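K.L.:
sequence and predicted structure below; questions after.
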Amino acid sequence: MKISVILAHPYNESFNHAIASKVTQTLKGNGHFIYFHDLYGERFEPVITPEELISDKSEDPLIIQHWKEIKETDGIIIIHPNWWGQPPAILKGWIDRVLRENIAYTFPEGDNGGGLPIGLLKAKIGLVFNTSNTPKEREENVFGDPLHRIWKDCIFDFCGITKFDRKMFRVIAGSADRERKKWLNEVVDMVNKYFPKKIL
């Protein structure tokens, strides 16, 4: 299988980077092909241009590469921190510029965009790994776990991804190495569950 792995965290020594490393190692060990993008590392430009917005065309070779890959991939894994109950701005820009109409979704003929979308992505499995410093009870009871709604309902379901799972690791600040190793084992288990070793 071809798997797209998208990382959005600016600090190379972050736990998000450790998650991404464990994800890619596990996928490779299971015999899968990986499209890996560290959005900060590749200096992804998140701001969509007016021309790109109205034409659904781009002259940015990196965007064209992302479009090609996202249409070919069999699964998507997103890794990012919880910032203000949202993905980092660079990842929001990736959503805006890459998951475009006629790339990731469309509408029935004659629909001006106000109806129900038709997902176009080949990928049917979407996994999200998040980190947070907000305790679970406060996140769910006060904020309503907005990241779950964003990824499951507003993005993946919109694009036709029918299997969704997400894991939040918290509280990151002050977490011990022992706890982080346990979390990374959970990452491996989740990747193995949805993208197991290829049987030759």
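P.N.:
Cool, the structure landed. Numbering: from 1, shown residues only.
K.L.:
helix, strand, or coil at the residue nearest to the spatial centre of the chain?
P.N.:
The centroid of the chain falls nearest to residue 78 when counting by CA atoms, centre = their mean (2.4 Å). Look at residue 78: counting by DSSP: H, G, I helix; E, B strand; the rest coil, its state is strand.
K.L.:
how about it, what does it touch?
P.N.:
With contacts defined as CB atoms under 8 Å, 6 or more residues apart in numbering, residue 78 is in contact with 6, 8, 87, 91, 126, 127, 128, 129, 151. All C-beta atoms are positioned from the backbone trio N, CA, C, and that covers glycine.
K.L.:
drop anything exposed from the residues you listed.
P.N.:
6, 8, 87, 91, 126, 127, 128, 129, 151 (16 or more other CB atoms under 10 Å).
K.L.:
against which helices or strands is whichever helix in the chain runs longest packed?
P.N.:
Looking only at the chain and at elements set by DSSP state H, the helix with the highest residue count is helix 177-194. Where contact means 3 or more CB pairs under 8 Å, 6 or more residues apart in numbering; DSSP states H and E, helix 177-194 is packed against helix 15-29, strand 125-131, strand 163-169.
K.L.:
packing partners for the second one?
P.N.:
So the one you mean is strand 125-131. When contacts are defined as 3+ CB pairs under 8 Å, 6+ apart, strand 125-131 sits against helix 15-29, strand 75-81, strand 163-169, helix 177-194.
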